[in-house]
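*Asks:* Below is the sequence, then the predicted model.
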Amino acid sequence: MTFDAARNDGAGPGDITQRLLALRGGGRAEMDALFSLVYDRLRGFQLTTFRISPVQWFPAEERLVLHNEIQVSVTFRGGTLQQPRGGYAAARQFADLRTRVVNPGDVPFIPEPDTPLPDEVWYLVITDDFYWDSDMTIGAPVPGGLVAEFQRLADWKTRKGLKAGVVRISDIMRGEYGDFRAGARDLQEVLRNFLKFASREWNTY
């Protein structure tokens, strides 16, 4: 069982205090096995996932324990709630976040724009007419090509009101949109760097 809570990122994970009750005398080691926290960040908010495993197996004792009741109490100290910057990507991300957390009322509402700005690409396809290896080496041409076919899809989505575009891996690797290769260990990391850029500059979601 997992559930998430979102809060404004005014303080670090150390400010979250968790307590487990009704463990029927369980010690610290038992609590660690039952309960863990995972932290993530989204546009100035910290997303905290509480992972609870009510079933435990003690192999040395050949004993299976089920905790029928686990109560979780959470306190935190946060900063001042700030309205994040609007845009298509932010609107979609926060709408998705509200469906994932137990406190959706604390997540800001950002209206989704009806019309994209000229330099925005809401829906992005990254492809190429060549094969690429993870070590950033270009390979043989793809039979029949892919770019033209995905461009047809992007054009159709744009006509339907979802601003779409196609970007070639070759152009990313050539630095057409900036340097995303610096410090990257493989092609996957280059593409992740580019996607961060697209989300920030083009409102890609």
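*Replies:* Arrived safely.
*Asks:* From residue 122, how far out is residue 178?
*Replies:* For residue 178, the distance to residue 122 equals 20 Å [CB to CB, to the nearest Å]. Backbone N, C-alpha and C define where each C-beta goes, glycine included.
*Asks:* of the two, who's got more company?
*Replies:* More crowded of residue 178 and residue 122, by other CB atoms under 10 Å: residue 122, with 22 against 12.
*Asks:* Please look at the more buried one and residue 164 and confirm they touch.
*Replies:* Yes. Counting by CB atoms under 8 Å, residue 122 does reach residue 164; the two are 6.8 Å apart.
*Asks:* so the residue nearest to residue 199 when sequence neighbours are not counted is in which element?
*Replies:* Excluding its sequence neighbours, the residue lying closest to residue 199 (CB to CB, 6 or more residues apart in numbering) is residue 89, at 5.3 Å. Here residue 89, judged by DSSP states H and E, is contained in helix 88-100.
*Asks:* What average pLDDT does that helix get?
*Replies:* In this model, helix 88-100 carries a mean pLDDT of 82.
*Asks:* Repeat that for stretch 197-205.
*Replies:* On average, the pLDDT along stretch 197-205 is 88.
*Asks:* ok, and what's touching it?
*Replies:* Stretch 197-205 is touched from outside by 87-90, 92-93, 116-117, 119-124, 165, 167, 177-178, 180, 195, with contacts defined as CB atoms under 8 Å, 6 or more residues apart in numbering.
*Asks:* switch to 7 Å and redo it
*Replies:* Contacts to stretch 197-205, defined as CB atoms under 7 Å, 6 or more residues apart in numbering, come from residues 87-89, 92-93, 119-122, 124, 177-178, 180.
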